[in-house]
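# Build me a structure from this.
(one chain, ligands or ions: 2)
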Amino acid sequence: MNTTIQQIKAREILDSRGNPTIETEVTLADGRRARASVPGGASTGRHEAKEARDGDPARYGGKGVLQAVESIRAAIAPALQGMDATDQRGIDHCMLELDGTAHKERLGANAILSVSLAVARVAARAVELPLYRYLGGVGAHRPPCPMFNLINAGMHSDAPIDFQEFMIVPRGLNPFSEALRCGSEVFHALRDVLRAKGLSTAVGDEGGYAPALRSVQEALDALLTAISRAGYRPGEEVFLALDAAAGTFYESDGDRRYHLRKSGDAALSSAELIALYADLVEGYPICSIEDGCADEDWEGWLQLTRALGKRCMLVGDDLFVTNPLFLQRGIEQGIANAILIKPNQIGTLSETLDTMRLATSHAYTTIVSHRSGETCDSFIADLSMLSPFIKAGAPSRGERLAKYNRLLEISV
Ligand code: PGA
Ligand code: ZN
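Ligands and ions are numbered 1, 2, ... in the order given. Have a look, this model is predicted:
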């Protein structure tokens with residue numbers, strides 16, 4: 001076994017939205033090789049690590065990643081050649097030093113992450129362990145509970161609802177294969193429910209439907225009907241979850257209100273929005289609310305946590321951006337009780353694992369997550385073996401199923 005890095009090659013590929021992203025292949029001295037590619041978000045947090053985009057309007061509307069590919073060829077590859085691929089931390093540290101900026105804007109978080117993940121995958125191959133076992137050791141023994149985003153709205157579709165995601169969570173179903181089966185059966189039952197209402201069953205960016213439902217309540221009602229029709233018990237076997245992605249409709253520079261523009265133009269204060277969540281939690285079996293307030297509204301987040309923190313998961317996505325510094329601030333201020341884990345928000349595997357460890361040690365629940373723009377890379381499925389939850393979209397579209405099917409492969 002020779003785990004010395006011999007070659008690193010990167011290329012521009014396209015993600016599930018048809019936007020450019022990076023795929024990197026790492027080859028070891030013994031000839032073993034592995035690839036990884038990185039996803040991209042649409043409702044990105046302001047403090048996420050910066051992905052490098054060419055900005056050339058003549059190519060892919062400025063979204064090309066040729067400069068990031070060049071950074072890997074010219075800067076990262078020569079620096080990592082000869083290093084030991086099993087030294088993940090040393091390799092990630094070397095790339096951080098090479099970049100030298102706070103938000104990875106010199107080399108690009110997309111460039112750095114693609115190398116970081118490909119290194120882990122090839123190292124796992126070299127030591128002949130499945131990736132999840134390499135990442136989590138004997139601790140990685142239980143597949144996570146999936147959170148299926150069955151109705152896509154907000155910035156992920158044209159559906160006239162401001163909240164971004166309406167999920168089902170088969171928390172009471174085991175093993176993983178039964179939870180996945182439930183996700184698929186409810187997804188298909190929901191299609192019939194929507195068709196009967198004369199609504200579209202075309203899907204949004206994360207594989208869920210994007211119907212012209214008139215309200216949040218109507219979306220939740222449709223999910224409850226579908227769960228029952230598929231033969232499952234809401235509130236016992238299957239729960240509901242929301243990702244409001246509230247930062248996408250918050251006016252931070254203006255009146256500091258939440259403007260529900262897609263659905264009638266109400267402008268809610270933080271307190272009014274929190275009252276709406278409290279009503280929803282009262283009336284529906286909701287077990288999780290993500291980004292219930294904007295990442296610029298920490299005061300709102302504090303009130304939200306005080307109001308509902310004992311009743312459901314309050315998940316910081318744009319709020320924490322998988323960054324230990326923001327999570328630490330949340331822990332100190334008693335804000336939220338769960339955190340979304342997206343490796344590309346922070347940019348290296350080592351930092352992602354640090355954030356997960358910090359969360360777990362302070363009883364914050366972790367949810368490993370995809371992005372709205374994905375590839376068929378299933379790295380996060382293996383990573384989710386270290387977490388109680390995974391969020392990877394509806395059980396529809398290949399780039400979403402790549403994650404769920406990988407978990408089947410691990411667990412069955
Ligand atoms: P994004 O959305 O990948 O478009 O940022 C996913 C989420 O908000 O959870
Ligand atoms: Zn989110």
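
# who touches the residue in the stretch 101-250 of the chain positioned nearest to ligand 2 in this structure?
With C-beta to the ion, the shortest gap between the stretch 101-250 of the chain and ligand 2 falls at residue 243, namely 4.3 Å. Yep, even glycine has a C-beta here, placed from its N, CA and C like the rest. Shown in contact with residue 243 (C-beta atoms under 8 Å, 6 or more residues apart in numbering): 149, 154, 163-165, 167, 289-291, 315, 317.

# which one among those gets closest to residue 399?
Residue 399 has its nearest neighbour among the contacts of residue 243 in residue 149, at 13.1 Å by C-beta to C-beta.

# quick one: that closest one and residue 362, what's the gap?
27 Å (C-beta to C-beta, to the nearest Å).

# ok, the two, which is more surrounded?
Shown here are residue 149 and residue 362; by other C-beta atoms under 10 Å, residue 149 has more neighbours (28 against 14).

# Now do the same for that one: helix, strand or coil?
With DSSP: H, G, I helix; E, B strand; the rest coil as the basis, residue 149 sits in strand.

# beta partners of it?
With DSSP bridges applied, residue 149 shows beta-bridge pairing to residue 167.

# ok, now residue 12?
Bridge pairing for residue 12 - DSSP bridges - gives residue 22.

# isn't it right next to residue 67, touching?
No - counting by C-beta atoms under 8 Å, residue 12 sits too far from residue 67 to count as a contact (10.1 Å).

# Look up the residues that both of those two are in contact with.
Going by C-beta under 8 Å, 6+ apart, no residue sits against residue 12 while also sitting against residue 67.

# Greatest separation within the contacts of residue 243: which pair is it?
Longest span within the contacts of residue 243, C-beta to C-beta: 154 and 315, 15.1 Å.

# more crowded one of those two?
Neighbour count, other C-beta under 10 Å: between residue 154 and residue 315, residue 315 has more, with 28 against 23.

# and stretch 269-288, which residues are buried?
The neighbour-count check on stretch 269-288 (16 or more other C-beta atoms under 10 Å) flags 270, 273-274, 276-277, 280-281, 284-288 as buried.

# and which of the residues you listed is nearest to residue 38?
Using C-beta to C-beta, residue 288 comes nearest to residue 38 of the buried residues of stretch 269-288, at 25.6 Å.

# Tell me the pLDDT of that closest one.
For residue 288, the pLDDT comes out at 98.

# what about it, which SS state?
strand.

# Residue 242 too?
strand.

# Please name the residues that touch it.
By C-beta under 8 Å, 6+ apart, residue 242 lies in contact with 163, 165-167, 216, 280, 286, 288-290, 292.

# How about residue 228?
Counting by C-beta under 8 Å, 6+ apart, residue 228 makes contact with residue 234.

# gap between it and ligand 1?
27 Å (C-beta to the nearest ligand atom, to the nearest Å).

# Pretty sure that residue sits in a helix.
Yes - the assignment for residue 228 by three-state DSSP puts it in a helix.

# Would you mind splitting this protein into its domains for me?
For the chain, automatic domain parsing gives the domain ranges 5-128, 137-411.

# Can you give me the buried ones in the longest helix along the chain?
The longest helix of the chain (DSSP state H) is helix 176-196. Across helix 176-196, burial judged by 16+ other C-beta under 10 Å covers 176, 179-180, 182-187, 189-191, 193-194.

# Could you do stretch 375-390 as well?
Those would be 375, 377-390, for stretch 375-390 by 16+ other C-beta under 10 Å.

# try stretch 345-357
Along stretch 345-357, these residues count as buried under the neighbour rule (16+ other C-beta under 10 Å): 345-356.

# Now intersect those residues with the helices, please.
Going by DSSP H, the helices hold 345-346, 349-356 from the buried residues of stretch 345-357.

# closest to ligand 1 among those residues?
Ligand 1 has its nearest neighbour among those in residue 345, at 8.5 Å by C-beta to the nearest ligand atom.

# The closest one contacts residue 319, doesn't it?
No - Residue 345 sits out of contact with residue 319 when judged by C-beta under 8 Å, with a separation of 11.0 Å.

# overlap in contacts of these two?
residue 45.

# which residues does the residue of the chain found nearest ligand 1 contact?
Closest residue of the chain to ligand 1, C-beta to the nearest ligand atom: residue 41 (2.9 Å). Residues in contact with residue 41, defined by C-beta under 8 Å, 6+ apart, are 48, 342, 344-345, 371-373.

# Take those and keep only those in strands.
If you go by DSSP state E, these have nothing in strands.

# show me which of those neighbour ligand 1.
371-372 (C-beta under 6 Å from any ligand atom).

# roughly how far is stretch 114-131 from the heart of the chain?
With C-alpha atoms, centre = their mean, to the nearest Å as the basis, stretch 114-131 stands 21 Å off its chain's centre.

# Buried ones in that stretch, by neighbour count?
114-126, 131.

# what do you get for stretch 211-228?
Here stretch 211-228 shows 211, 213, 216, 218-220, 222-227 as buried, counting by 16+ other C-beta under 10 Å.

# With pLDDT and secondary structure added, can I get those in JSON lines?
Rendered in JSON lines, the data for the buried residues of stretch 211-228 read as follows (pLDDT from 0 to 100; DSSP: H, G, I helix; E, B strand; the rest coil):
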{"residue": "211", "pLDDT": "97", "secondary structure": "coil"}
{"residue": "213", "pLDDT": "94", "secondary structure": "coil"}
{"residue": "216", "pLDDT": "96", "secondary structure": "helix"}
{"residue": "218", "pLDDT": "96", "secondary structure": "helix"}
{"residue": "219", "pLDDT": "97", "secondary structure": "helix"}
{"residue": "220", "pLDDT": "98", "secondary structure": "helix"}
{"residue": "222", "pLDDT": "98", "secondary structure": "helix"}
{"residue": "223", "pLDDT": "98", "secondary structure": "helix"}
{"residue": "224", "pLDDT": "98", "secondary structure": "helix"}
{"residue": "225", "pLDDT": "98", "secondary structure": "helix"}
{"residue": "226", "pLDDT": "98", "secondary structure": "helix"}
{"residue": "227", "pLDDT": "98", "secondary structure": "helix"}
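
# Since that was my last question, I'll sign off now.
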